[in-house]
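> Sequence plus predicted model, see below.
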Amino acid sequence: MNDATTSGSGPNRRALILVENLSVPFDRRVWQECTTLRDAGWTVHVICPQGTKRDTEAETVIDGVRIHRYPLRAATGGPAGYLREYGSALWHTARLARKVGPVHVVHACNPPDLLFLASRWLRRRGAQFVFDQHDLVPELYLSRFDRGEDLLYRGVCALERRTYRAADVVLATNESYRDVAIERGGKRPEDVFVVRSAPQIERFQPVPPEPELKRGKPHLLCYLGVMGPQDGVDYALRALAKLRDELGRTDWHAVFVGSGDAFDAMVELSRELGLTDQVEFTGRIPDADLVRYLSTADVCLSPDPRNPLNDVSTMNKVLEYMAMGRPIVSFDLREARVSAGDAAVYARANDEAEFAGLVARLLDDPEQRARMGKLGQERIGGPLSWSNSQESLLAAYAAAVAKRAPAQARRRRGR
């Protein structure tokens, strides 16, 4: 075996990354993985859905990465809508995978836990299968739909088991996910690599604050992220209503940046709570505007409630707040503490009154806010930096490639 094979890099190494949840390069984690692999000598292809306002081309090459996109209508109408979405995505992914042709590694990013099916043709032709587990789909199902452990829940558990079984190597976003891959997925510890998501530092460079963004108030509160049923924007809004009504604080303006399938419901909830004059919903905005808001924010909000998924998941918004040097108020979640440490203060899980009280406390203590912000930036520049994740990603690929020759020999013997 030559040096290129053992290292997982070198000429003529081809990787295909499959994504269903977001377009690329909008999916920041996947894009960082793409560029890391490219820089290590891999030829990288990506199959993903088309975006609506960006990433709209069917096929393009960006910074040496070839991206193949397909049209996809987002799910509506509960689990049945997701089944329709995933069926369409699976068909398009399999079609485009055949177009890309044989590769050394096929790298599938969930959700859903269905992409192992689209990769079968490539795996039969010698590709090693890397499972990049962005979400624990059984926990996501329980947290999002509140239907309990019904037939569909048992179905997503079965698909997760099939994906683990197919995977030669698993990438986990944190140690909690790694534990699940080993204990529930039956993977060997040496085949599971923690590749943490990390913000792109060049994207999150503070600029001078702009007091006009506070809309005449002394303080600005900021939420950044997806707005789905499990993301806790409703908890944040109710906490802000308590901040105003129970603590008598009206010295703040709040901005909620992002979108998602709960966006309209959250705007309506804001109206119902009488927060329209103090709460602003921007939708998705350009990076430059996002940085302006975060640079001006006094406190950032991470209101994800404790549920089976959130407690063990790493929240990208927490890392992005830290990169910008902002203090954070969060509910007390296991992986939130691992990520933020002392860069956040933690309310009892799902306790909106305590969340409001911690916001008020930070607003009154600019020195603590500054200390917390500095700690967060130091963590992002140190133990949570992408350079550590790059090393783990390349080690995972080297492990996958090292399995390839024995697997090919077994297939030849089986002919």
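Okay, I see it.
> just the strands in this structure please.
Remark: strands assigned in the chain by DSSP state E are 13-19, 42-49, 59-62, 65-70, 105-109, 128-133, 169-172, 192-194, 219-224, 252-257, 279-283, 299-302, 328-331, 344-347.
> quick check: mean pLDDT across the fourth one?
So that's strand 65-70. For strand 65-70, the mean pLDDT works out to 98.
> Which elements pack onto it?
Contacts defined by 3 or more C-beta pairs under 8 Å, 6 or more residues apart in numbering; DSSP states H and E place strand 65-70 against helix 28-39, strand 42-49, strand 59-62, helix 79-100. Every C-beta, even on glycine, is put in place using the N, C-alpha and C of the backbone.
> For R271, find the nearest of the strands of the chain.
R271 lies closest to strand 279-283 among these, at 9.4 Å (C-beta to C-beta).
> got the CA coordinates for that closest one in PDB?
What follows is strand 279-283 as a C-alpha-only set of coordinates in PDB (Å, rounded to 0.1, in the frame of the first residue of the first chain):
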ATOM      1  CA  VAL A 279     -39.100  42.300  18.900                       C
ATOM      2  CA  GLU A 280     -37.900  42.300  15.300                       C
ATOM      3  CA  PHE A 281     -37.800  39.300  12.900                       C
ATOM      4  CA  THR A 282     -35.400  39.800  10.100                       C
ATOM      5  CA  GLY A 283     -35.600  36.400   8.300                       C
END
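> Other residues contacting it?
For strand 279-283, contacts defined as C-beta atoms under 8 Å, 6 or more residues apart in numbering pick out 215, 237, 240, 253-259, 263, 266-267, 270, 289, 293.
> change it to 7 Å
By C-beta atoms under 7 Å, 6 or more residues apart in numbering, the list of residues contacting strand 279-283 from outside reads 237, 240, 254-257, 259, 267, 270.
> Lowest-confidence entry in these?
The model is least sure about S259 among the contacts of strand 279-283, giving it 92.
> Using TSV, please lay out the contacts of strand 279-283 together with distance to L37 and neighbour count.
Shown next, in TSV, are the contacts of strand 279-283 (distance: C-beta to C-beta, whole Å; neighbours: other C-beta atoms under 10 Å):
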residue	distance to L37	neighbour count
L237	40	24
L240	42	26
A254	39	26
V255	36	21
F256	35	24
V257	30	20
S259	29	17
V267	40	17
S270	42	23
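> In JSON lines, list those residues along with distance to F145.
What follows is the contacts of strand 279-283, written out as JSON lines (distance: C-beta to C-beta, whole Å):
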{"residue": "L237", "distance to F145": "21"}
{"residue": "L240", "distance to F145": "26"}
{"residue": "A254", "distance to F145": "28"}
{"residue": "V255", "distance to F145": "29"}
{"residue": "F256", "distance to F145": "23"}
{"residue": "V257", "distance to F145": "26"}
{"residue": "S259", "distance to F145": "20"}
{"residue": "V267", "distance to F145": "22"}
{"residue": "S270", "distance to F145": "24"}
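> which regions of the stretch 1-150 of the chain sit below the pLDDT cut-off?
Within the stretch 1-150 of the chain, the stretches with pLDDT under 70 are 1-11, 75-78.
> what do you get if the cut-off is 50, keeping everything else the same?
Applying pLDDT under 50 to the stretch 1-150 of the chain picks out residues 1-9.
> still on that earlier bit, now, which of the contacts of strand 279-283 sits nearest A97?
The closest of those, once distances to A97 are taken by C-beta to C-beta, is S259, at 29.4 Å.
> Tell me how far the residue lying closest to V226 once chain neighbours are set aside lies from G232.
Distances taken as C-beta to C-beta, 6 or more residues apart in numbering place G260 nearest to V226, at 4.5 Å, with adjacent residues excluded. Using C-beta to C-beta, to the nearest Å, we find G260 at a distance of 12 Å from G232.
> between the two, which one's more packed in?
Here G260 and G232 are set side by side on neighbour count (other C-beta atoms under 10 Å), and the busier one is G232, at 28 against 18.
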